[in-house]
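Peer 1: Pasted the sequence and its predicted model underneath.
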Amino acid sequence: MYIGRFAPSPTGSLHFGSLVTAVGSYLHARQQDGRWLVRIEDLDTPRVVKGADKAILSTLHRFGMDWDGEIIYQSQRQRAYQDALDSLISQQLIYPCTCTRQRLKGKIYDGYCRNNPSTENQPYALRVKVNTPTLQFSDHLQGMIQQNMLTDIGDFIVKRKDGLFAYQLAVVVDDAEQGVTDVVRGCDLLDTTTRQLYLQQLLDYPCPKYTHLPIMMNADGLKLSKQNHAPIIDDQPVLPLLHQAITILGQNPPKDLRYESMQIFWDWAIDNWCLENVPLQAEIKV
Ligand code: GLU
Ligand code: ZN
């Protein structure tokens, strides 16, 4: 049984870039008669925008993408994340890190606090020890992805200095608990996948299949986001945008499909969804 999911962060309303991701993940699930879950990733509370969750859900509904089952909110799941963390602690894989951003300078973590433990009167993050030299997986769209965990990733944070659990840990716990078999998401997250595989192995979770869809870039090669003026879709007509979304995903819908009913649109799109035609990169002019 296929179980897929769409996991938006409620930091704003859905824009065209995230709509395309939602559409791809929805079509891939529905074509395989799968379930499609929605999870609100409101873990990073300082970035959460009040009401954005409701706005995203109502947009998904307006575009005809109705989800299965209950919606999970990450902000309600501290207990589950703590249990996973405890399991890593009992395996002696976790250590506190007091390093400042200044010391790290955005570089791969050098393991300083692994070798010089001290937390006296200082705030600290928790890192997981990375002991596996390389990890690889076969992405259904992007092909074989391999990462050198020691030189490209390093010991990474599972709980932040501000006390919030890190995305890497939460996503792995949630995908496992929800029985997600297929993760279809934007390829801006491709690089995070090996960290998730690593945690899945340590926590003895099954590993889902991964498909990373192209993300929409603007003419300057930047990811579409609120900051760089992604088209707002809140009150745009539905069918022309859906038509444009599947076209960007490499599908070839008949022109007239944009004038049909939503039911006819989705029936066509689900029947004809073809992952092989999805481009690895996509660009739109905004
Ligand atoms: N919440 C993440 C985002 O909106 C997606 C996480 C995922 O799909 O794994 O970028
Ligand atoms: Zn440190």
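Peer 2: Great, that's in hand. Ligands and ions are numbered 1, 2, ... in the order given.

Peer 1: buried ones in stretch 158-166?
Peer 2: Neighbour counts using 16 or more other CB atoms under 10 Å place 158-161, 164-166 of stretch 158-166 among the buried residues. All C-beta spots, glycine's among them, are computed from the backbone N, C-alpha and C.

Peer 1: how about it as CSV, C-alpha atoms only?
Peer 2: The C-alpha atoms that make up stretch 158-166 are tabulated as CSV, following Å, rounded to 0.1, in the frame of the first residue of the first chain:
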residue,chain,number,x,y,z
VAL,A,158,19.1,16.9,16.1
LYS,A,159,18.1,19.4,18.7
ARG,A,160,18.8,23.1,18.4
LYS,A,161,20.2,25.5,21.0
ASP,A,162,16.8,27.1,21.3
GLY,A,163,15.4,23.8,22.4
LEU,A,164,13.6,23.0,19.2
PHE,A,165,14.0,19.6,17.6
ALA,A,166,15.7,19.7,14.2
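
Peer 1: now the closest residue to ligand 1 within the stretch 51-200 of the chain: how far from ligand 2?
Peer 2: Nearest residue of the stretch 51-200 of the chain to ligand 1 (CB to the nearest ligand atom) works out as residue 185 at 3.6 Å. Look at residue 185 and ligand 2: by CB to the ion, to the nearest Å, they are 30 Å apart.

Peer 1: Make sure that residue is actually in contact with residue 212.
Peer 2: Yes: assessed by CB atoms under 8 Å, residue 185 is found in contact with residue 212 at 6.4 Å.

Peer 1: give me the residue from the stretch 101-250 of the chain nearest ligand 2.
Peer 2: residue 113 (3.2 Å; CB to the ion).

Peer 1: tell me the average confidence for whichever strand or helix holds that residue?
Peer 2: Assigned by DSSP states H and E, residue 113 belongs to helix 112-115. Averaging pLDDT along helix 112-115 gives 94.

Peer 1: How about stretch 22-37?
Peer 2: Mean pLDDT, stretch 22-37: 98.

Peer 1: near ligand 1 at all, it?
Peer 2: No: contact of stretch 22-37 with ligand 1 (CB under 6 Å from any ligand atom) is absent, the minimum separation being 8.3 Å.

Peer 1: Sounds good, over and out.
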